[in-house]
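Peer 1: Give me a 3D structure for the following:
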Amino acid sequence: MPFIMNAWYVAAWPRDVEAGKILARTICNQPLVLFRDAKGAAVALEDRCCHREMPLAKGWLENGTVRCGYHGLRFDGSGKCVEIPGQSNIPPRARVRAYPLVERHGWLWVWPGDAAKADAALIPKIFARMDHPDWTACGGTTYVKCHYQLISDNLLDLTHETYIHRSTLGNQAVVEHPITTKGDAEKVVVQRLIPDHDPAPFWKANLHRKLGQHVNADRWQIIHFEPPANLVLDVGVTPTGHPRADGVEGCNTNAITPETEDSTWYFWGFARKFGRDDEQLSAKLVETIYKIFEEDRDACEAVHAVMKREPGRAIIDVNADQGTILARRMVAERIKAERGASAQAAE
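Peer 2: Here you go, the predicted structure:
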């Protein structure tokens, strides 16, 4: 069990699950199909017919149910078989696994573990600004061929901005200012404050958009991590010496969902308090952030390839890795606890 299973993971944006269409998606090594039932609600089933194990993704939808494309069995959103061609009786065992699914904070969340433990209250509240009335949000999806924790590592140590994102987010001021790190059993918080500096290109452009002029700025980066791999970055710049509300305040949201040990669905968003009614700005931000995350994708995939070449080879840690170390330790402890509970239940 390489993943925390009893947890909520983002499976898709609501817009990804279109009426009348099946979306196939693998979460934590579990192939799923997502579709909308007769009432328009999104549901998630295992991608496997219980008759001869044909993937349901190869079938089609009929009135909010999915028909297997092999022998025609039809299943509703609860996983119950509602039709078997050629016979009237449907045995109780004719059903497929349904996964708890909740729409919240602008995403569709799936629970791949024990359904009896799925509590919607456990969906991370740190993502609330994605649909908060005081913020405007936009975002997208990046598919990354790497282990999901490499993306968490990348976001917990923003030192890389100076080098990987040198034309957008990074400048020398980032690495010249130290981080502070705090953690407990539920979360890790990494903070970097960068006072009185010439802001990086991304922030300079948006601050200029608001002020109509270039000024030196104070910048903040506050990274919030909650397992399995949920990260929110409070970010922004304000004219030097001014309160944050005088500048541009942003919130980068990152829901990182393992597909397999070697691939990840990376759902990202950006909520803001500036230019809230500017749809062109939203489109420009999505375009810009997508390009930034493509640089991250390239880096994470390169690291993953090297790690696969010689698994377990020793690496070193540096001061900026404090958050990464705490986060990985927290995830490892959760996985260990789940394994222990599963072994105990099997006895």
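
Peer 1: just the helices in the stretch 51-200 of the chain please.
Peer 2: Under the criterion DSSP state H, counting those that start in this stretch, the stretch 51-200 of the chain contains helices at 148-156, 161-164, 172-175.

Peer 1: Now distance to Glu333, mean pLDDT and mean neighbour count too, for those helices, in JSON lines please.
Peer 2: For every residue, glycine as well, the C-beta is placed using N, CA and C. What follows is these, written out as JSON lines (distance: least, C-beta to C-beta, whole Å; pLDDT from 0 to 100; neighbours: other C-beta atoms under 10 Å):
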{"stretch": "helix 148-156", "distance to Glu333": "14", "mean pLDDT": "97", "mean neighbour count": "24"}
{"stretch": "helix 161-164", "distance to Glu333": "29", "mean pLDDT": "88", "mean neighbour count": "17"}
{"stretch": "helix 172-175", "distance to Glu333": "31", "mean pLDDT": "82", "mean neighbour count": "17"}
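
Peer 1: May I see the ones you listed arranged in TSV, with distance to Val235 as well?
Peer 2: Shown next, in TSV, are the helices of the stretch 51-200 of the chain (distance: least, C-beta to C-beta, whole Å):
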stretch	distance to Val235
helix 148-156	11
helix 161-164	10
helix 172-175	11
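
Peer 1: Tell me which of those lies nearest to Trp220.
Peer 2: Proximity to Trp220 (C-beta to C-beta) singles out helix 172-175 among the helices of the stretch 51-200 of the chain, at 11.7 Å.

Peer 1: what's that closest one packed up against?
Peer 2: Applying 3 or more C-beta pairs under 8 Å, 6 or more residues apart in numbering; DSSP states H and E, one finds that helix 172-175 makes contact with helix 161-164, strand 188-197.

Peer 1: buried stuff in stretch 126-138?
Peer 2: Buried residues in stretch 126-138, counted by 16 or more other C-beta atoms under 10 Å: Ile126, Phe127, Ala128, Arg129, Met130, Trp135, Thr136, Ala137, Cys138.

Peer 1: Just those: which are in strands?
Peer 2: Counting by DSSP state E, these place Thr136, Ala137, Cys138 in strands.

Peer 1: In terms of distance to Leu122, which of those residues ranks first?
Peer 2: The closest of these, once distances to Leu122 are taken by C-beta to C-beta, is Ala137, at 21.5 Å.

Peer 1: how close does the residue lying closest to that closest one once chain neighbours are set aside sit to Cys251?
Peer 2: In this structure, Ala137 finds its nearest non-sequential neighbour in Ala271, 4.1 Å apart by C-beta to C-beta, 6 or more residues apart in numbering. From Ala271 over to Cys251 the distance is 4 Å, taken as C-beta to C-beta, to the nearest Å.

Peer 1: so what's in contact with those two at the same time?
Peer 2: Arg129, Trp135 (C-beta atoms under 8 Å, 6 or more residues apart in numbering).

Peer 1: in which helix or strand would I find the nearest residue to Gly236 once chain neighbours are set aside?
Peer 2: When the adjacent residues along the chain are set aside, Gly236 lies closest to Glu249, with 4.4 Å between them (C-beta to C-beta, 6+ apart). Assigned by DSSP states H and E, Glu249 belongs to strand 248-260.

Peer 1: Not including adjacent chain positions, what is the nearest residue to Leu281?
Peer 2: Gly275 (4.4 Å).

Peer 1: residues in contact with the one you found?
Peer 2: Counted by C-beta under 8 Å, 6+ apart, Gly275 has contacts Thr136, Asn206, Arg209, Lys210, Leu281.

Peer 1: ok, 10 Å please
Peer 2: Gly275 sits next to Thr136, Asn206, Arg209, Lys210, Val248, Leu281, Ser282, Lys284, Leu285 when contact means C-beta atoms under 10 Å, 6 or more residues apart in numbering.

Peer 1: what about the strand holding Glu249, average pLDDT?
Peer 2: For strand 248-260, mean pLDDT is 97.

Peer 1: Just the CA trace of it, in CSV.
Peer 2: Below are the C-alpha coordinates for strand 248-260, written out as CSV (Å, rounded to 0.1, in the frame of the first residue of the first chain):
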residue,chain,number,x,y,z
VAL,A,248,-1.8,41.9,-4.9
GLU,A,249,-2.8,38.9,-2.8
GLY,A,250,-2.9,35.4,-4.3
CYS,A,251,-3.6,31.9,-3.2
ASN,A,252,-2.1,29.0,-5.2
THR,A,253,-4.0,25.8,-4.5
ASN,A,254,-2.5,22.4,-5.3
ALA,A,255,-4.4,19.1,-5.0
ILE,A,256,-2.0,16.3,-5.9
THR,A,257,-3.6,13.0,-6.7
PRO,A,258,-1.5,9.8,-7.3
GLU,A,259,-2.5,7.8,-10.4
THR,A,260,0.2,5.1,-10.0
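
Peer 1: Which residues belonging to that strand are considered buried?
Peer 2: For strand 248-260, burial by neighbour count (16+ other C-beta under 10 Å) applies to Val248, Glu249, Gly250, Cys251, Asn252, Thr253, Asn254, Ala255, Ile256, Thr257, Pro258, Glu259.

Peer 1: Tell me what angle that strand forms with helix 148-156.
Peer 2: Interaxial angle of strand 248-260 relative to helix 148-156 (axes from the mean of the first three to the mean of the last three C-alpha atoms, to 10 degrees): 170 degrees.

Peer 1: Direction included, what does strand 248-260 pair against?
Peer 2: Applying DSSP bridges, strand 248-260 is found paired with strand 230-239 (antiparallel), strand 263-272 (antiparallel).
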